[in-house]
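> I need the structure of the sequence given here:
(2 chains)
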Amino acid sequence: MTKFLIKKLSYLLFSLFVVATLTFFLMHAIPGDPFTQDKAIPEEILQAMFKHYGLDQPLYIQYIDYIKGLLSFDLGPSFKYQGRTVNEIIAEGFPVSLCLGVEALVFSVIAGITLGSIASFKYLKWQDHLTMTIAVLGISIPSFILATFMQYLLAMKLDLFPVARWGTFSQTVLPALSLAALPMAFIARLTRSNMIEVFQQDYVQTAKSKGLNSFQIVTRHVIRNALLPVVTFLGPLAAAILTGSFAVEKIFGIPGLGQWFVLSITNRDYTVIMGTTIFYSAILMFCVFVVDILYCFIDPRIKFQEVRGSHD
Amino acid sequence: MQRLLAAFTLIALTAVSCSPPPPSGEKRQEIRLNIHTDPPSLDPRKPADTTSSTVIRLCFDGLMRRNEQGRQAFGVAKSVNISEDGLTYTFTLRESVWSDGTAVTAKDFEDTWKTILSPNFPSEFASELYILKNGKRAKENTLGMDAIGVKALGDYVLQVDLEYPIPYFLDMLMTHYFFPVPSHIANKDPKWAQNGGDLYVSNGPYHLAEWKHYNSMVLLKNPSYWDSQSVILEKIDLYMIEDEMTELSMYENGDLEWIGSPLSSIPVDALGSLSTEKDFNHYQIAGTYFYIFNTEALPFTNKHIRRAFALSIHRQEIVENILQGGQTVATSIVPPSMWEERNSYFADADISLAKKEFEIGLKQLGITADKLPAIKLSYNTNSGHHKIAQAIKEQWSMALGIRVELENMEWKVFLDSVSNHKFQIARMGGIASYNDPIAILKDYQYANSRMNQCQWSNKKFAELIDLADHTKNTEERMKVLSEAQSILMDEMPVAPIYFYTGSYMKKPYVKSIAISNLSEIDLKYTYLEQK
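Have a look, this model is predicted:
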């Protein structure tokens, strides 16, 4: 077990290093720099800015300096937001996105599994059709359309929630629902199809013939096996949803991390691009790592070695 | 004469600085606005963007400040003496204090300006201070800091020496570029301007009590401000909502008292229906939207070709059918809100003249119209720029029978290719940073300057700009600048298209929000009228 964990972790760190290196050089390959603006600034002032931020050094030296900083968890200063560090930006934005993400995640998992289970119990009946219609809508309507629609209907017309901003619980409801719709729909469909498949398995038939009631069959034999693919999906989903969404954060004016992924690139704020990318990759890899471990607990057939074999 | 003028200005300034108190009511003097984004920096010495400068203007006071009527008035300075040659300004400062109780002294101004001009200080706008004697040389590290033309002669006397006698110097002092920072705090703690609160010591009408990054700010009235009796608002809430539709929804829902330009913008799609509402207002901005020609790339090396392209644009059509926000047709590069007398140098959509110019140009270049390769028009990705470019493409092919290719690019990629001269025609636009025609014309003085992306140069033009810099007499100076603008508009390295306007929505009970034609907004005198 320990050996497995160490090996997994070292793979993870190596992947992070590759991500950091690739991002660093790709980012510098894009035309423009942090100080390019429509009102061009004189050469000597540009040079002073470059010098201040170490951008006058050759690229490989900048890279070495950056990696050195990274090893001591120093992600550097932001070029655009003068005086603020990337560590501060992440430390301020991430808790907000995390809070919103957890709310959305909990909602999508509970609602998704419930809807999926209902649909599979009532396979091809009206309940099945209804929940699957909701699921198709959830998958096909982009979050920003849903967000705008809910903002108009629930906040402006019915006055049930605030239009936007961040700070109180009521302000989190609409953005959390907008974020939850897609994963909820996906989980519902996934749960339904897996449950239907598992229902037809021999061991379920055996359980039935042995005289177990349907509640016992579902909790002991069906859910456990049907949820495996859902757990696989949860890893990347958690990483995506916890680090924030650009569209939803923008529409509701939420000071989360999601907007920085996009803004940092438009601003060519190099250190913020690097910081957010590495942070996101780390969270993503961590979530996948946790999912791998979870497998072993949910499905006793899977041993640590097998996990490694099938997923590396 | 100069002294007399200074004395007269002084009297005029003192006269307008006393304003009647507004009606007081039960309404709480609190206002909520959206500033669109988190200010990149609130250290007055660093940022050059509108959001930062707006918040800085609310928290700080310079030597000069706009009064309630939007005119130039004294701020921290209480009088000024201008030397005969117009090169030396001696300011007498009033006794005022920072929000922590420390006195605001002439030394604070000297230290701040010198820091901005020191070679390694990361200030984006340092070149605005090049009008100070030896400012540029200090930045380039060819002269020491002591040579810069600013010196505190005691606690309350500041002497400023200029590079040349510019008549708009007092106007420039109203911009945040010349605001002081509390040296006793800024020198000790480099993070002083980071988060607001007590550490963010300022000397203006309001004090930044709270700053939640990318979320909101709370500004409270600064009781230690020297002119606090003129300040009625007790609290200003500034939100940072990026989405313009959300901003509009919040305004309609009563969550904001004021939205729009210059802090953010009203969604273009909603402009048409909102423009008839009584809350809707618009104002002229000293800024121009224009196309630049790369005068080092064929066929725009030829003046007649450039003129043909500029003359065949039908601006009225663009303003009326595409923009619909009260913008006006531009047939000069300097906007009329800055210079009313000289605002038209050619006729809009003069197709017959354009055709003639086109023929002459082609003949001089030795090619025929059908041999002319497709012309590339570049702009940054934006639906507004795209619509205008499409219309102009049609107008050019109709008038001159040429092929035009449109090329849109991501903002910084676009700026990069323009500053590296990889373009034929490119979209540009700009708002002047101070109210003088030279703020716009100076960019074209030298071909090798980074600001002159069209690489155009003209010896006579450069001489005239230089002459204007050294001409003290206002009338003569304007004549010189007018001649310079005629050269620019005759040679047409740039094709002006329209003059900017700003649109905003304001609740009817909000009074005295001052917006200048330089897109500066000030809430010093703002108050809420009892409904």
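
> Now for the residue of the stretch 401-531 of chain B found nearest chain A, how many residues are close by?
Per C-beta to the nearest C-beta, residue B:412 is where the stretch 401-531 of chain B lies closest to chain A, at 3.0 Å. Heads up, the C-betas are built off the backbone N, CA and C, glycines and all. By other C-beta atoms under 10 Å in any protein chain shown, 20 other residues sit near residue B:412.

> contacting residues for residue B:318?
Applying C-beta atoms under 8 Å, 6 or more residues apart in numbering or on different chains to residue B:318 gives the contacts B:388, B:391, B:392, B:497, B:498.

> Can you add secondary structure, pLDDT and distance to residue A:90 and give those back as TSV?
Formatted as TSV, the contacts of residue B:318 follow (DSSP: H, G, I helix; E, B strand; the rest coil; pLDDT from 0 to 100; distance: C-beta to C-beta, whole Å):
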residue	secondary structure	pLDDT	distance to residue A:90
B:388	helix	95	39
B:391	helix	95	44
B:392	helix	96	44
B:497	strand	96	42
B:498	strand	96	42
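
> with those in mind, which one is nearest to residue B:292?
residue B:497 (11.1 Å; C-beta to C-beta).

> wait, that closest one sits on residue B:289?
Yes. Residue B:497 is within contact range of residue B:289, at 4.9 Å (criterion: C-beta atoms under 8 Å).

> Mind checking which of those two has more residues around it?
When neighbours are counted by other C-beta under 10 Å, residue B:497 comes out ahead of the other of residue B:497 and residue B:289, with 25 against 21.

> And that one, how far from residue B:314?
Residue B:497 is 10 Å from residue B:314, where distance means C-beta to C-beta, to the nearest Å.

> what ranges do the helices span in the stretch 351-500 of chain B?
Taking DSSP state H, counting those that start in this stretch as the test, the helices found in the stretch 351-500 of chain B are B:351-365, B:383-400, B:411-419, B:438-441, B:459-469, B:474-491.

> Among those, show me which one is buried the most.
Among those, the stretch with the highest mean neighbour count (mean count of other C-beta atoms under 10 Å in any protein chain shown) is helix B:438-441, at a mean of 22.

> How many neighbouring residues does the residue in the stretch 1-150 of chain A that chain B sits nearest to have?
The stretch 1-150 of chain A approaches chain B most closely through residue A:32 (3.0 Å), counting by C-beta to the nearest C-beta. Neighbours of residue A:32 under the rule other C-beta under 10 Å: 20.

> Residue B:415 is in contact with that one, correct?
Yes. Under the criterion of C-beta under 8 Å, residue A:32 makes contact with residue B:415 at 6.1 Å.

> who touches both of residue B:497 and residue B:289?
Taking C-beta under 8 Å, 6+ apart as the criterion, residue B:497 and residue B:289 both touch B:330, B:388.

> how near is the closest residue to residue B:214 other than its chain neighbours to residue B:241?
Distance criterion C-beta to C-beta, 6 or more residues apart in numbering or on different chains; nearest residue to residue B:214, sequence neighbours excluded, is residue A:255 at 3.8 Å. Distance, residue A:255 to residue B:241, by C-beta to C-beta: 10 Å.
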